[in-house]
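S.K.: Please work out how this folds:
(chains A and B)
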Amino acid sequence: DAEITQSPRHKITETGRQVTLACHQTWNHNNMFWYRQDLGHGLRLIHYSYGVQDTNKGEVSDGYSVSRSNTEDLPLTLESAASSQTSVYFCATQGPGDTQYFGPGTRLTVL
Amino acid sequence: GENVEQHPSTLSVQEGDSAVIKCTYSDSASNYFPWYKQELGKGPQLIIDIRSNVGEKKDQRIAVTLNKTAKHFSLHITETQPEDSAVYFCAASRMDTGRRALTFGSGTRLQVQP
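M.R.: Numbering: from 1, shown residues only, chains lettered A, B, ... in the order given. Take a look at the predicted model:
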């Protein structure tokens, strides 16, 4: 079955370090998204991509970057991790019917 | 940009009762309104969605209503069961434009008491 996976599932890092969160999907969907989830804020959009070599900023993109070199992967990079980036991160893809399919999430702690 | 507000933040009901969660949106051009259920430790999962050309949609015990004039939509769960306990999120988007990302409400934690 097609699926979307995220790795690692849990990550602890230190302030100032570069961190990359992986997202891999096997649906061959063009549209992919990264959200962060914080208590009281729901899910907020960080970056999104509509295809290879396409990337766009969302509402909370400061301090994050993405790259899209193939259809299957959209890695999210925190250039210099900050305590404010402690959160749960979700990757999602969007199918032909507009439904977004979410991965299991990565819990990131920045100390 | 779009802003989605969701109420209540927590909701406790007795098993068998109905539950209603309400959302309002700000962008009158939004035309796609999904609802997601998130269980502990998992990603959100779509449970039902509605488009702006429809006023109501039902799927077994779950229904969603949309009032475009007032810019609000609601999730209705009837005959609640303990397995309905989860966090529910509403969202809105403009699916006919280049940007198809969702704007989410802040979530409602539903507890169904046996």
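S.K.: Quick one: name the residues of chain B near chain A.
M.R.: Proximity of chain B to chain A is confined to B:1, B:4, B:6, B:32, B:34, B:36, B:41-46, B:49, B:89, B:93, B:95, B:98-107 under the rule C-beta under 8 Å from any C-beta of the partner chain. Bear in mind the C-beta positions are built from the backbone N, C-alpha and C, glycine included.
S.K.: what sits against A:His10?
M.R.: Contacts for A:His10 (C-beta atoms under 8 Å, 6 or more residues apart in numbering or on different chains) come out as A:106-107.
S.K.: Run through the bridge partners of it.
M.R.: On the basis of DSSP bridges, A:His10 is bridged to A:Arg107.
S.K.: Relative to A:Tyr89, how far out is it?
M.R.: Distance, A:His10 to A:Tyr89, using C-beta to C-beta, to the nearest Å: 11 Å.
S.K.: Now do the shared contacts for the two.
M.R.: Here A:His10 and A:Tyr89 have A:Thr106 as joint contacts, going by C-beta under 8 Å, 6+ apart.
S.K.: Give me the nearest residue to the residue of chain A found nearest chain B, chain neighbours excluded.
M.R.: Distances from chain A to chain B, computed as C-beta to the nearest C-beta, single out A:Phe102 as the nearest residue at 3.3 Å. Spatial nearest neighbour of A:Phe102, chain neighbours left out: B:Gly43 (3.3 Å); criterion: C-beta to C-beta, 6 or more residues apart in numbering or on different chains.
S.K.: my read: the one you found touches A:Gly105, true?
M.R.: Yes. Shown here, B:Gly43 and A:Gly105 form a contact pair, counting by C-beta atoms under 8 Å, at 5.5 Å.
S.K.: Pull up the overlap in contacts between these two.
M.R.: Between them, B:Gly43 and A:Gly105 share these contacting residues under C-beta under 8 Å, 6+ apart: A:Phe90.
S.K.: ok, the residue in chain B positioned nearest to chain A - contacts?
M.R.: Proximity to chain A, evaluated over chain B using C-beta to the nearest C-beta, is greatest for B:Gly43 at 3.3 Å. The contact partners of B:Gly43, taken as C-beta under 8 Å, 6+ apart, are A:90, A:92, A:102-105.
S.K.: and these, which are buried?
M.R.: A residue is treated as buried here by neighbour count (16 or more other C-beta atoms under 10 Å in any protein chain shown); on that basis the buried members of those are A:90, A:92, A:102-103, A:105.
S.K.: Which two among the residues you listed are spaced furthest apart?
M.R.: Greatest spatial distance in the buried ones among the contacts of B:Gly43: A:Ala92 and A:Gly105, 10.4 Å, computed using C-beta to C-beta.
S.K.: Which helix or strand contains residue 90?
M.R.: This is for chain A. strand A:87-94 (DSSP states H and E).
S.K.: You answered for a different chain; I wanted chain B.
M.R.: With elements taken from DSSP H and E, the one containing B:Cys90 is strand B:86-92.
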